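>>> pasting the sequence and the predicted coordinates here, then a few questions.
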Amino acid sequence: MSYHLTCPIRVYADTSVYGGVFDRQFSHASKGFFDKVANGRFLLVVSPVISEEIRHAPQRVRDLFDQFRGGAELAAVGADAIAMQAAYMRAGIVGPNWEADALHVALATVARCPMIVSWNFKHIVHFQKIPLYNGVNISLGHGPIGIYTPLEVIADEE
């Protein structure tokens, strides 16, 4: 017997995933991720932080973001997300120059996304940082969040 999920999974994709579509190393998996968004497997969650970062990206990245933004859910930068970001910073997960990365994880967590996808191996998708993010989440009454690369979430279930 096979079990298939029928509801799309809410996924926060940070800015690196959009740019990844146009990077030779990350293109296949990034395109695969956005194909799954287009096919209804994932419901994209975006934020004003992504919008601001995308504003400085090449035109083709901005066009891709605009293509998917209409069907996406918006995660607002509210007091809860700012408090979560501050907690990550106090825990030393990332330094002050990388507070936007902490805010991405905070927004996804506060928006109750089961996962965030990113190509940011230094500050987000990092084996030492993932348990730290989730430790803070749990200590503040939030659930853990899955932190993955697009490659990890595009594999079809057998």
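Perfect, I can see it now.

>>> for Phe33, report the pLDDT, please.
According to the model's per-residue confidence, Phe33 sits at a pLDDT of 98.

>>> same thing with the one 3 residues further on?
The predicted local confidence for Lys36 comes out at a pLDDT of 97.

>>> contacts made by whatever helix or strand it lives in with the rest, please.
Lys36 belongs to helix 27-38 when assigned by DSSP states H and E. Counting by Cβ atoms under 8 Å, 6 or more residues apart in numbering, helix 27-38 makes contact with 11, 13, 17-18, 20-21, 23, 42-44, 64, 68, 71, 117, 119, 149-151, 153-154, all of which sit outside it. For the C-beta atoms, the positions are set from N, CA and C on the backbone; glycine is no exception.

>>> repeat for stretch 64-81
Contacts made with stretch 64-81 from outside it, assessed by Cβ under 8 Å, 6+ apart, are listed as 10, 12, 18, 21, 34, 37-38, 43-51, 54, 57, 103, 106-111, 113.

>>> of those, which belong to strands?
Residues of these located in strands (DSSP state E): 10, 12, 43-46.

>>> buried subset of these as a PyMOL selection?
Selection of buried members from these for PyMOL, criterion 16 or more other Cβ atoms under 10 Å:
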select buried, resi 10+12+44+45+46
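
>>> neighbours around Ile138, how many?
Summarising burial for Ile138: neighbours were counted as other Cβ atoms under 10 Å, giving 11.

>>> who's in contact with it?
Contacts of Ile138 by Cβ under 8 Å, 6+ apart are Pro144.

>>> name the SS class of Ala81, please.
helix (DSSP: H, G, I helix; E, B strand; the rest coil).

>>> please report the distance of it from Ile147.
Using Cβ to Cβ, to the nearest Å, one obtains 16 Å as the distance from Ala81 to Ile147.

>>> please identify the buried residues of the helix holding Lys36?
By neighbour count on 16+ other Cβ under 10 Å, the buried set for helix 27-38 is 29-34, 36-37.

>>> could you give the angle of it to strand 42-46?
100 degrees (axes from the mean of the first three to the mean of the last three Cα atoms, to 10 degrees).

>>> which residues of the chain score low on pLDDT?
Residues of the chain that meet the criterion pLDDT under 70 lie in 1-5, 156-158.

>>> nothing else from me, thank you.
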